[in-house]
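> Give the three-dimensional model of this entry:
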Amino acid sequence: MSFPAGAPAGGAGTPESPIRVVIVDDQMMVREGFSVLLNAMPGIEVVGEAVDGRQAIERVAELRPDVVLMDIRMPEMNGIDATKQIVAADAAAKVLVLTTFDLDEYVYQALRAGASGFLLKDASARQLAEGVRVVASGEALLAPTVTRRLITEFAKISETPRAPALAQVGDLTERETEVLVLIAQGLSNAEIAGHLVVAESTIKTHVSRVLVKLGLRDRTQAAVFAYEARLVTPS
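The predicted structure follows:
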């Protein structure tokens, strides 16, 4: 699994101010395994665990972590409903979904609910740590080909294009629409800047305006929006 161009190799989070993580999974071995792996990484600290979505909401409200590693299939309350409530309560919340297989409709629903990306449960320790750092830094875990494939596949069977989505597209300028399409194709700000031959700072401004106008949290939701509005045709 690869990560976005320009993703921090290990800088988001320091021993003095580590990235605080809560792990949510109904399997004790998974929680303990991820906890051991992440606590061994510099600049990352696991501050809590939860066994289901309902407990996750309570733990996140109590601990205010930087990143939540969220399983999807859990008793009591699943990860999708928990993600919705967590991001509704805290717009800055960063949720990284955990799944056992990549082409998972529930992962797609979690991305729509506000998750910033996802990782496979068989990810290596390095991939897990880098995924946490990417999301904590404010980026969306969008660059991996598998994520784009997931969005593409389930955008095909979505009930969309949604009327609100189509109406909102009209609020974007031509350049903002162009940037949105490139985001959906998985390009980083630097890559978009190179493609459009403008400064990266200009692209950052465009991205911010796109997110504000569309009422979206991050680049992952922007990509989902672009597919659902049929600005990008699933291939």
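
> Only C-alpha atoms from now on, for both contacts and neighbour counts.
Fine.

> Can you classify L187 by secondary structure?
Classification of L187 using DSSP: H, G, I helix; E, B strand; the rest coil returns coil.

> how close does it sit to R59?
Here the distance between L187 and R59 works out to 34 Å (Cα to Cα, to the nearest Å).

> what's the answer for G43, then?
Distance, G43 to R59, by Cα to Cα: 21 Å.

> Helix or strand with the lowest mean pLDDT in this structure?
Taking all helices and strands of the chain together, the one with the lowest average confidence (mean pLDDT, DSSP states H and E) is helix 145-157, at a mean of 61.

> max-length helix in this structure?
As assigned by DSSP state H, the longest helix anywhere in the chain is helix 200-214.

> May I see the buried residues of it?
By neighbour count with 16 or more other Cα atoms under 10 Å, helix 200-214 contains the buried residues 200, 203-204, 206-207, 210-211, 214.

> centroid residue for this structure?
Closest to where the C-alpha atoms of the chain average out (Cα atoms, centre = their mean) is S116, at 1.4 Å.

> I'd say that one and V95 touch.
Yes: using Cα atoms under 8 Å, S116 makes contact with V95 at a distance of 5.7 Å.

> Common neighbours of the two, please.
When contacts are counted by Cα atoms under 8 Å, 6 or more residues apart in numbering, the set common to S116 and V95 consists of V135.

> Point out where the chain drops to low pLDDT.
Within the chain, the stretches with pLDDT under 70 are 1-15, 102-104, 139-167, 233-235.

> Specify the local secondary structure of E45.
Counting by three-state DSSP, the backbone at E45 sits in strand.
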